[in-house]
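# Got a predicted structure plus its sequence, pasted below:
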Amino acid sequence: MDDLEKAVLISFDERGTVDSALKSQAVAFCQQMKESPTVGRVCIEKLVFCKLVQVQFWCLQTVQEVISGRYSLLSLEEKDFFRKSVFSLCGFDGVDDENAARFLDGPAFIKNKLAQVLVTLIYFEYPLVWSSVFVDLLPQLSKGARVIDMFCRVLNALDDELISLDYTRTADEMVVATRVKDAMRQQCIGQIVRVWYDIVCMYRNTDQELCSGVLDTMRRYISWIDIGLVMNDIFMPLLFELILVDGGSEQLRGAACSCVLAVVFKRMEPQPKLNILQGIQIDRVFGLVTGDSDSELVSKAAALITGFAVEVLDCNRRVSTEDAKKVSTDLLNEVLPSVFYVMQNCEVDATFSIVQFLSGYVTTMKSLSPLTEKQLLHVRQILEVIRSQIRYDPAYRGNLDTLDKIGREEEDRMVEFRKDLFVLLCNVGRVAPEVTQVFIRNALNSAVASSSDVNVEEVEAALSLLHAIRESLSDESIRNGSGLLSELVPMLISTRFPCHSSRLVALMYLETITRYMKFVMENTQYIPMVLTAFLDDRGIHHQNLHVSRRASYLFMRVVKLLKAKLVPFIEKILQSLQDTVSHFTSMDFTSNQCSGAEDGSHIFEAIGILIGMEDVPLEKQSEYLASLLTPLCRQIEVLLMNAKILNPEESPAKVANIQQIIMAINALSKGFSERLVNASRPSIGLMFKQTLDVLLQILIAFPKIEPLRSKVTSFIHRMIDTLGASVFPYLPKALEQLLAESETKEMVGLLVLLNQLICKFNTSVHGILEEIFPAIAGRIFTVIPRNGFPSGPGTNTEEMRELQELQKTLYTFLHVIATHGLSSIFLSTKSRAYLEPMMQLLLFTACHHKDTVVRKACVQIFIRLIKDWSVGPYGGEEKVPGFQCFVIEVFATNCCLYSVLDKSFDFRDANTLVLFGEIVMAQTIMYEKFGNEFLFHFVSKSFQSAHCPQDLAEQYCQKLQAADIKAFRSFYQSLIENLRGQQNGNLVFR
């Protein structure tokens, strides 16, 4: 063993037994050998004498790299040497049969690599240099199975490395592939096909594995050779003989199926394609798919049948003559029963999309009216396929009930998987509505009659069909109960399924009832049945918490729809929900069982909608509301009394309990309108005010518990909407407490609350705002940087993100104040100290913030302040000393000129154009308010610093004074672009 062989063996070591330093040396040595100009000849010599497969592989790989990487540098002698040596090693030359035999008996990966080396030569030399390569190797096939096998490997490698479009090819490779295929078509492909035929005939009884390999190679080439070479009276009978022979090798029969499928998939014009499909006589293989569904033959036959159906359907869409349409329709009718069988009983080929095919077939029916009996039968079979496809696997039943990790993953997978199937269902429902509804009715009847243990998945699938088909029905047809709906919906509402304890069944049952509520709105006799379904153990009282919570939410939606129609049933509803209400506010909510949007509070929202209607008599309304609010408030008061003596173990549970009560009261209040509680029934409003008073005590008792502060803030939002201006007396105390211990995140919530107050009450909140603004400004301006946030590694922290959110909310807050006639707040005695930092922050943001929407808001604030605080162009005492000077000299120059001159100001961006519009508006307002004083400074100082030509400055004055905002905006944009073009780098942007 020489050094090269040793180095190769060491470099190929995968067991970790070789020292890493030694392995690195070996790899370096091998790499150094590859760079030698004679390495190709060395490798060929090694291949002749060395029996080590690692060395053989390395040498073949190196020869391939030499040919592909240095071909243009090789001499004619070297090329001829490689050509003869590789051809000989493949067994295609009798020069050295002993060496060839060693390779042909060797492992598959060596033979495949040898085939790749030969294909690399073909890439460069066929047909211009080595035109006889294929012709030369055909006579060698008489040497027997080993050479035939090598021949197939070469053709397979040629397909993999060059011809097949399954891989991405470069433009050069595409050119070479076309050259090779054209030459083969012209020179030898007919002979190769004839050889394939002869080999299969000769070896079919003695070496079926070899025949399978030959047919697999042929399958690859059918897509681009003359179809007549295979689709003829000689080859097709042989293929079907192989497919249909009993007791033959499944591998060989499957390979023959794949060849026929390749003929089916051959791209061509629709009419000749149809003739070929007609000639295949596909009905001969229908019986094969009824065998063992796990067998290779059944899988291949199923792929052939579905592939045939896809191509026939494609022809049906593309042919134009009536005769061709009839032929394709007859072929479809012939193959579809087997396709439906395959869809329901076999493993479908990955390349075949059930939904895509069936959708295409249903589309062909849209223009047909009425449908034939055969087509209606196909519709029923399509519906059966959909039902079988959407069924859950019973193996996951336990996981789906407890909704563990596996259950969640399976449910998510099925939700995604079902989407396209439900679209198909709706399309079928539009084409054949009556057949579809009858099918769903029968599925429901079958589900009702089934055993609870056996058919949970059947019931859920039947309900899902009814739920999904709603998408294809108009609201009008639902209301009128068109078709079988007048039978289906009552049947649904009144049914108790044997497996209602299943989470999936219970959820789909309630979702489906909710989807068809428009029918119940028109047919109010079914309201008691709907209420029973939601209020008994099928809904809110279901044993599964996930179901009962979802039922609460869906019941709230039902109540919203039926509203006044439910007034006669309020007593019954409240009685049924009594235990649920008390259970909700007394559970241990420190666990995760209440996480998510469906936390159970929707039941209180439903109750609030029911008892909050003016149709309910005042006396009853007061009684109902008091029966809910009084015990809830009493619970809060008891918890607050004990707040100071709670031990650490009790505290989390009590805090969670208070949260639940606040959420319940909040949800309850949503059903009461501002008009009702303030105008028509003020006594109801008084009850909510008393409740608010109790809840505000929480901020005092638990000043640092963020979840409680957040829930109370949410309730204040609700009371602002519900109580209107009568909430004012409670606000100073509430705002004081919210501000007292507020962290950055809570400060955001406080600003949002104040924004709601300002937007709802405008200047009426002046006094409250004037009192609280200094404290807010003092808190915020000490934590927010005036010159932007730092960037780079380590700056994207949670704290930094919270500060950025606070800053963004602050701009909205200042914008709301300025645009609602409250800018005088900034000028109050206590607020004056914050005016300068506020103006500097607004200026920096208007010029530099990366979010153009935020910049626009800041410019709008300046516009509003200029309007409010300026005395006009004719003088008078300034309202805000120094403001006019600041706006003209600082804001106008930096924001209206320098910031837009910056290349980052992109006029192609829609939001930037909106910002630019505000900047233009600011200039017109400054001219309107400050007159020539603004114009003089902007033109003589600002423009001069930007090196603006005199003629453009004069045009600017004219356009601004003309008071045509549209023309001025257009001119100013062109002026900025002009100045950008002539910038000489002297301007420093601040």
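That came in fine, so what should we check first?

# got the end-to-end distance for stretch 467-477?
15 Å (C-alpha to C-alpha, to the nearest Å).

# what about it, distance to the chain center?
26 Å (C-alpha atoms, centre = their mean, to the nearest Å).

# what about it, average pLDDT?
The average pLDDT within stretch 467-477 is 94.

# Now do the buried residues in it.
For stretch 467-477, burial by neighbour count (16 or more other C-beta atoms under 10 Å) applies to H467, A468, I469, S472, L473. (Each C-beta comes from the backbone N, C-alpha and C, glycine too.)

# for those residues, which one is nearest E770?
Relative to E770, the closest of the buried residues of stretch 467-477 is H467; by C-beta to C-beta it sits at 55.7 Å.

# Could you measure from the closest one over to R397?
Plainly put, H467 is 20 Å away from R397 if you go by C-beta to C-beta, to the nearest Å.

# Spatially nearest residue to V448, not counting backbone neighbours?
The shortest distance from V448 to any residue other than its chain neighbours is 5.9 Å, reached at T495 (C-beta to C-beta, 6 or more residues apart in numbering).

# The one you found against A449, yeah?
No: checked against C-beta atoms under 8 Å, the pair T495 and A449 is beyond contact range at 11.0 Å.

# Looking at the two, which is more packed in?
With neighbours defined as other C-beta atoms under 10 Å, T495 and A449 compare such that T495 has more, 18 against 9.

# All the strands of this structure, residue numbers only.
Counting by DSSP state E, the chain forms no strands at all.

# By mean pLDDT, which helix or strand of it comes out lowest?
Lowest on mean pLDDT, DSSP states H and E among the helices and strands of the chain sits helix 97-104, with a mean of 74.

# what sits up against that one?
Residues from elsewhere that reach helix 97-104, judged by C-beta atoms under 8 Å, 6 or more residues apart in numbering: 47-48, 51, 56, 88-91, 93, 110-111, 114, 146-147, 149-150.

# try 10 Å
Outside helix 97-104, the residues that touch it by C-beta atoms under 10 Å, 6 or more residues apart in numbering are 47-51, 56, 60, 85, 87-94, 96, 110-111, 114, 140, 143-147, 149-150.

# my guess is V342 meets A303, correct?
Yes: using C-beta atoms under 10 Å, V342 makes contact with A303 at a distance of 8.8 Å.

# wait, the residue nearest to V448 sits on Y509?
Yes: between T495 and Y509 there is a contact under C-beta under 10 Å: 8.2 Å.

# Need the overlap of contacts for those two.
Residues touching both T495 and Y509 by C-beta under 10 Å, 6+ apart: V459, L463, A533, R538.

# and for stretch 366-379, what are the contacting residues?
Against stretch 366-379 from outside (C-beta under 10 Å, 6+ apart): 329, 332-333, 336-337, 339-340, 358, 361-362, 364-365, 427-432, 434-436, 439.

# Repeat the analysis, applying 6 Å as the threshold.
Stretch 366-379 is contacted from outside by N333, L336, V431, A432, V435, using C-beta atoms under 6 Å, 6 or more residues apart in numbering.

# In helices only, show me the residues you listed.
Using DSSP state H, N333, L336, V431, V435 are the members of those that sit in helices.

# Could you tell me how far the second one is located from D401?
Looking back up the chat, that one is L336. L336 is 38 Å from D401, by C-beta to C-beta.

# which one of those two has more residues nearby?
More neighbours surround L336 than the other of L336 and D401, with 22 against 19 (other C-beta under 10 Å).

# Next one: the more buried one from R41, what distance?
Distance, L336 to R41, by C-beta to C-beta: 63 Å.

# likewise I888?
86 Å.

# out of those two, which sits in the more crowded spot?
I888 (20 against 16).

# mind checking how far that one is from I863?
Distance of I888 to I863, given as C-beta to C-beta: 14 Å.

# The residue nearest to S502 when sequence neighbours are not counted: neighbouring residues, count only.
Closest residue to S502 apart from its sequence neighbours, by C-beta to C-beta, 6+ apart: V456 at 4.8 Å. Burial measure for V456: 27 neighbouring residues, criterion other C-beta under 10 Å.

# Report the mean per-residue pLDDT for stretch 606-615.
For stretch 606-615, mean pLDDT is 95.

# What is the end-to-end distance of that stretch?
Across stretch 606-615, the terminal residues are separated by 16 Å (C-alpha to C-alpha).

# So which bits of it are buried?
Neighbour-count burial for stretch 606-615 flags A606, I607, G608, I609, L610, I611, G612, M613 (criterion: 16+ other C-beta under 10 Å).

# Determine the number of other residues adjacent to the closest residue to V193 other than its chain neighbours.
Sequence neighbours aside, L229 is the residue nearest to V193 in space, at 4.5 Å (criterion: C-beta to C-beta, 6+ apart). When counting by other C-beta under 10 Å, one arrives at 20 neighbours for L229.

# Please report the distance of L229 from K867.
Going from L229 to K867 by C-beta to C-beta gives 86 Å.

# Next, count neighbours for D136.
Close neighbours of D136, defined as other C-beta under 10 Å, add up to 13.

# For Q187, see how far away it is.
Per C-beta to C-beta, D136 is found 12 Å from Q187.

# before we move on, what about T512?
Using C-beta to C-beta, T512 is found at 67 Å from Q187.

# who's more crowded, the two?
Set side by side, T512 and Q187 show more neighbours around T512, with 22 against 17, by other C-beta under 10 Å.

# From what I see, that one and L466 are in contact.
Yes: shown here, T512 and L466 form a contact pair, counting by C-beta atoms under 6 Å, at 5.4 Å.

# List the ones among the contacts of helix 97-104 that fall in helices.
47-49, 56, 60, 85, 87-89, 110-111, 114, 145-147, 149-150.

# List only buried entries from these.
By 16+ other C-beta under 10 Å, the ones in helices among the contacts of helix 97-104 give 47, 56, 60, 85, 87-89, 110-111, 114, 145-147, 149-150 as buried.

# Of those, which is the nearest to L913?
Closest to L913 out of these is L60 (63.2 Å), distances taken as C-beta to C-beta.

# Pull up the per-residue confidence for the residue lying closest to that closest one once chain neighbours are set aside.
In space, and not counting its chain neighbours, L60 is closest to K113: 4.4 Å by C-beta to C-beta, 6+ apart. At K113, the model reports a pLDDT of 96.
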